[in-house]
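Engineer: Take this sequence and fold it.
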Amino acid sequence: MAIWDSTLSNGMVIDSSVNWDGAGAALLGLPAAPLVQPFASFLDLVHADDRDTLLAAMQDGVDRRSGYGVEYRVLWQDGSVHWLSAQASVFCDYQGEPVGTLGLVGDITRRKADEQRTMRQRELAEITLRSIGEGVITTDQQGRTQYLNRVAEQLTGWSKEQAASCDIETTLRLVDENGHATPEHIARQCLRLCQAIDTAVGSRLQLVTRDGRHVAVEESAAPIWSDDGQLLGAVVVFRDVSHERKLSKQLSWNASHDALTGLINRHEFERQVAAALHSAKHEGHVHALLYMDLDQFKVVNDTCGHGAGDLLLQLLAKMLQTQMRDSDILARLGGDELGVLLPHCPPERAMLIADQLRQSIKDFRFVWDSHAFQLGASVGVVEINHNSKSMSELLIAADQACYLSKERGRNRVHLYQESDQRLAQRHGEMMWVSRLKEAFECRLFRLYAQPIVSLNSHPECHDEVLIRIQNPKGELVLPGAFIPAAERYDMMTAIDRWVIRAVCHHIHTVRDSLNTEQAFIASHQSLPAQYSINLSGTSLSDEGLHDYILEQFGRYTVAPEQVCFEITETAVIANLPKAQSFMERLKLLGCRFSLDDFGSGLSSFAYLKALPVDFLKIDGIFIRDIANNAINRALVKAINEVGHVMGIRTVAEYVEDGPTLAMVRELGLDYAQGYAVGSLRPLTAGCD
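Structural biologist: Numbers count the residues shown, from 1 in each chain. This next block holds a predicted model:
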C-alpha cells in the first residue's frame, strides 16, 4: 500500500495538487521517490476510459465531506496497464470547507485479472449452458430453483425470473405415464443421497409444463460441491425424448405385427403359443391352435399383381377378426398362411370355430377390376394340452394337419392325430428331397443377378446372386417354394455351398474371358465386393463352411474382396456367437458382409457393434410404401442415420418405382435394389 494526499483549491479536485510517497510514485510507474504533481498531471497517467469515473467519484466524496473509494487503471510509460484501488478521507477547515484528502492506494492488478478470468469462465459456462440441446436446472441445497438455461425455459414454460426460488417439484414437475407424481423427485433424491442419480432403467417419466402439456423426458441429477466440500445444491439435466419414445413404440409394434395386415406376426404368435403351452402344462388348461393356408391366393397374385394380393389379405384379416372371440388371436405367419390361437377351447369347439372361419373365407368374394375370385382355406387344428411337447412341435403338427387337409381335397378342416406326423413327414420327404436331389444331380439350379446400385458419388455397384430351380418344363421355381423345405430337411447347407462354388466358378470364367494383360491387372487389384451371396442361418453353424469357402477361393483364384455374404438379421441373432466368429475370420481375408432384412427383427442396434458389417439392407416392408407412409419414412431415416454413425452403408430393398427411388435418395441411403434401378439377369447355368 502507498500513501497519498492532496490539497484542494476551493473544494475542487481538478484544481488540487497530489502528494505521493515513494511507494505511491512507484504505483504510477515512476521512480520510487516522493512526488508532488498537479492533479491534471496525475490524471494524464490514468487510463482514458477511467478518468471521468475517477474524477466524479473523488469530487462526489469531497462534496459530501465523507471521503471516497474508487478503482481505476493507470498507464505506465512502458505501455502496461495496472489497476489501483484508492480509499481516501476528506479534511475540512474550521468553517467545514474541504481543504484536502488523505488516503491509501494499493495495486489490485492481480485481483482484477482473477476477477476477469472468473467472469470469462462464468460467461463461457453461461453461453455453454444456453447452447447445449438439453435442459439444465440448478437448485440450492433446499431444492429451490436457482437457474434455468434456455432449453429448460422452453421445455418447462418457466423463465428464470418466474422460477427463481420455486421448489424444483414446481419448476420441473415429473409424473409417470399414468399422470401420478413420482415418489421422490430426482433432484431431492440427489440432495438426500449426495450422489449422482441417473434415470432408472425402464423409467418413462413425463414433464408437465407450466401450461399443462406433457413431454416425455429423460433426466439425471448430480450434486454441486463447493471447493471446501460443502453441498451447495444440485444440477438436473433433462431432454425431450418424445420422438424417441414414439419411434420406440412404433418399432416395438412393428417387431410384433405384420405391417401389411396389422395382425401379429409369426414371432409374436410363437410367443403367444408358448405362453398357452405353459398354462396347459402348469395349470391344466386346454387350448387349440389353427393353421390356415389360403387356397387360390396365388391365382390372385398372378392374375392381378401383388397389389391385389395385398388388398385381399387386408380385407380377409378384417373380416376374420369379426368372426372370432375377443380372446382369440389371429396372426399372419407367411405369405398366405394364417394362424389362430383359441385360448381355453377344447378340440370339439375348435373344430366348429375352424369350420366357421373356413366357410367365411369360402363365402368371401374378392373383386379386382373385372375379375372376381372365390377363395378357400385348408385348416389344420392341434390341441394344446399338458401332453404337448414344445411350441415348435405344435407348429409343425399344425402345419402337417393343414398339409393333409390340402392333400385330401382342400377347403376343409383336419384335426391333427399322432399318426398324421409320420404320414405327412414321409410324404414331404419323398416330394421335396427327391426334387432337390434331382436339382443337384441334373444341374437344374440356376443363378440370377440383380444389381445393387449406388445412389451417390460412390462408384461401387455390385450384384446380389439369387437362386432358382428350372423344372423339366423349363419353368423357373422361385426360392419361396423350395427354401422352406430345404431348411426343414437340412439341405440348406448343401445349397449354400453349391451357390458359393458356382459364383466362384463364374468369377473365374469371366476373368478367363479377358486377355492375359487384363487378367494380370484384375488379379492384383483390390476389387470391390461385386457379388453378394446369401447364407442361411443353418450354414452359420456349419463348422466346415469357412474352410470350404477358402478352398473355393483358392481353386478358382477368387479375390475375397469380390464376395459379400448376406445374412438375415434374424439368422444372425439366432446364431450370434457363431455368426460373429464366422464373420470376423472371413473379414480378415477381405470378404464383406451385409445384414439382410434389417428392421424385421428390430431387436436392437447394440449387437451391430460386435459384428463386422459393411452393409445394412433395410427390410422391404419399410421401403415398399415409403413415398406415402410417414412412419415408414421415419423408421428408414432412423436406421439409415444409426448405420451411418456406425460407419455402415445402407441399402434399400424393393425399390420398385420412381417415387420410392426418389424418397430413398432424399433420405440419404447409399444403395438401392429393385426393378426401379435394375432387373434380374441370368448369371450362370451351373458350375463344373
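Engineer: all helices for the stretch 451-600 of the chain, in order.
Structural biologist: 479-488, 492-512, 516-524, 537-540, 545-556, 569-574, 576-589 (DSSP state H, counting those that start in this stretch).
Engineer: oh, I was asking about the stretch 151-300 of the chain
Structural biologist: Under DSSP H, counting those that start in this stretch, the stretch 151-300 of the chain gives helices at 160-163, 168-171, 186-193, 242-256, 266-283, 297-304.
Engineer: Go through the fourth one and flag the buried ones.
Structural biologist: Just to be clear, that refers to helix 242-256. By neighbour count with 16 or more other CB atoms under 10 Å, helix 242-256 contains the buried residues Arg245, Leu247, Gln250, Leu251, Asn254. Backbone N, C-alpha and C define where each C-beta goes, glycine included.
Engineer: okay if I get the residues you listed as CSV plus pLDDT and distance to Val208?
Structural biologist: Output for the buried residues of helix 242-256, formatted as CSV (pLDDT from 0 to 100; distance: CB to CB, whole Å):
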residue, pLDDT, distance to Val208
Arg245, 82, 16
Leu247, 81, 22
Gln250, 79, 24
Leu251, 77, 26
Asn254, 80, 30
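Engineer: tell me the mean pLDDT over stretch 314-323?
Structural biologist: For stretch 314-323, the mean per-residue pLDDT is 90.
Engineer: Give me the residues contacting it.
Structural biologist: Around stretch 314-323, the neighbours that count as contacts under CB atoms under 8 Å, 6 or more residues apart in numbering are 260-263, 294, 330, 332, 338, 356-357, 360-361, 364, 366, 375.
Engineer: if I read this right, Asp140 contacts Leu232, doesn't it?
Structural biologist: Yes - at 7.0 Å, Asp140 counts as touching Leu232 under the criterion of CB atoms under 8 Å.
Engineer: And Asp463, how far from Arg150?
Structural biologist: 52 Å (CB to CB, to the nearest Å).
Engineer: So which of those two has more stuff around it?
Structural biologist: More crowded of Asp463 and Arg150, by other CB atoms under 10 Å: Asp463, with 22 against 14.
Engineer: what is the more buried one paired to in the beta sheet?
Structural biologist: Pro451, Tyr531 (DSSP bridges).
Engineer: what's the answer for Trp20, then?
Structural biologist: Trp4, Leu35.
Engineer: What values do phi and psi take at Asn640?
Structural biologist: phi -60, psi -40 (degrees, to the nearest 10).
Engineer: For it, which non-adjacent residue is closest in space?
Structural biologist: In this structure, Asn640 finds its nearest non-sequential neighbour in Thr650, 4.9 Å apart by CB to CB, 6 or more residues apart in numbering.
Engineer: residue contacts, the one you found?
Structural biologist: Phe615, Leu616, Lys617, Ile618, Ile639, Asn640, Gly643, His644, Leu669, Asp670, Tyr671.
Engineer: if you set the cut-off to 6 Å instead, what comes out?
Structural biologist: Leu616, Asn640, Gly643, Leu669, Asp670 (CB atoms under 6 Å, 6 or more residues apart in numbering).
Engineer: Kindly reformat those residues as TSV containing distance to Ser392.
Structural biologist: Shown next, in TSV, are the contacts of Thr650 (distance: CB to CB, whole Å):
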residue	distance to Ser392
Leu616	29
Asn640	35
Gly643	33
Leu669	36
Asp670	38
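Engineer: Restricted to helices, list those residues.
Structural biologist: Counted as lying in helices by DSSP state H, out of those, are Asn640, Gly643.
Engineer: By neighbours, which of the contacts of Thr650 wins?
Structural biologist: Leu616 (29 neighbours).
Engineer: Compute the distance between that residue and Ala638, please.
Structural biologist: Distance from Leu616 to Ala638, by CB to CB: 12 Å.
Engineer: that older thread, out of the contacts of stretch 314-323, which is nearest to Asp596?
Structural biologist: Here the nearest of the contacts of stretch 314-323 to Asp596, counting by CB to CB, is Leu260; it sits at 19.2 Å.
Engineer: ok, the closest one - how many residues close by?
Structural biologist: By other CB under 10 Å, 16 other residues sit near Leu260.
Engineer: Domains in this structure, by residue range?
Structural biologist: The chain breaks down into these domains under automatic domain parsing: 2-113, 132-240, 249-416, 434-684.
Engineer: Adding distance to Gln121, write the ones you listed out as JSON lines.
Structural biologist: Converted to JSON lines, those look like this (distance: least, CB to CB, whole Å):
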{"stretch": "domain 2-113", "distance to Gln121": "13"}
{"stretch": "domain 132-240", "distance to Gln121": "14"}
{"stretch": "domain 249-416", "distance to Gln121": "43"}
{"stretch": "domain 434-684", "distance to Gln121": "32"}
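Engineer: and Gln37, how many neighbours?
Structural biologist: Neighbours of Gln37 using other CB under 10 Å come to 17.
Engineer: thinking again about what came up before, of all the helices of the stretch 451-600 of the chain, which one comes closest to Val208?
Structural biologist: Closest among those, using CB to CB: helix 569-574, at 38.8 Å.
Engineer: Phe482 and Ser9, how far apart?
Structural biologist: Look at Phe482 and Ser9: by CB to CB, they are 115 Å apart.
Engineer: Output the below-cut-off pLDDT ranges for the stretch 501-650 of the chain.
Structural biologist: Low-confidence regions of the stretch 501-650 of the chain, defined by pLDDT under 70, span residues 513-529, 600-606.
Engineer: So Asn640 sits against Asp670, correct?
Structural biologist: No - here Asn640 lies out of contact with Asp670, judged by CB atoms under 6 Å, at a distance of 8.4 Å.
Engineer: the strands in the stretch 51-200 of the chain, which residues?
Structural biologist: With strands called from DSSP state E, counting those that start in this stretch, the stretch 51-200 of the chain shows them at 68-75, 81-92, 98-107, 135-140, 145-148, 173-175.
Engineer: Just put the ones you listed in JSON lines and tack on mean neighbour count and distance to Glu219.
Structural biologist: Shown next, in JSON lines, are these (neighbours: other CB atoms under 10 Å; distance: least, CB to CB, whole Å):
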{"stretch": "strand 68-75", "mean neighbour count": "18", "distance to Glu219": "44"}
{"stretch": "strand 81-92", "mean neighbour count": "17", "distance to Glu219": "44"}
{"stretch": "strand 98-107", "mean neighbour count": "18", "distance to Glu219": "48"}
{"stretch": "strand 135-140", "mean neighbour count": "22", "distance to Glu219": "8"}
{"stretch": "strand 145-148", "mean neighbour count": "22", "distance to Glu219": "14"}
{"stretch": "strand 173-175", "mean neighbour count": "18", "distance to Glu219": "7"}
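Engineer: Mind checking these for the one nearest to Phe622?
Structural biologist: Once those are compared by CB to CB, strand 135-140 is nearest, at 32.4 Å.
Engineer: Listing partners with orientation, what would you give for the closest one?
Structural biologist: Strand 135-140 has these strand partners (DSSP bridges): strand 145-148 (antiparallel), strand 231-240 (antiparallel).
Engineer: Let's have those strands in CSV, adding distance to Glu268 and mean pLDDT.
Structural biologist: Formatted as CSV, these follow (distance: least, CB to CB, whole Å; pLDDT from 0 to 100):
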stretch, distance to Glu268, mean pLDDT
strand 145-148, 44, 92
strand 231-240, 30, 91
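Engineer: Which among the ones you listed is found nearest to Leu155?
Structural biologist: strand 231-240 (6.2 Å).
Engineer: Distance from that closest one to the middle of the chain?
Structural biologist: Relative to the centre of its chain, strand 231-240 is centred 26 Å away, using CA atoms, centre = their mean, to the nearest Å.
Engineer: buried ones in that strand?
Structural biologist: Buried residues in strand 231-240 (16+ other CB under 10 Å): Gly233, Ala234, Val235, Val236, Val237, Phe238, Arg239, Asp240.
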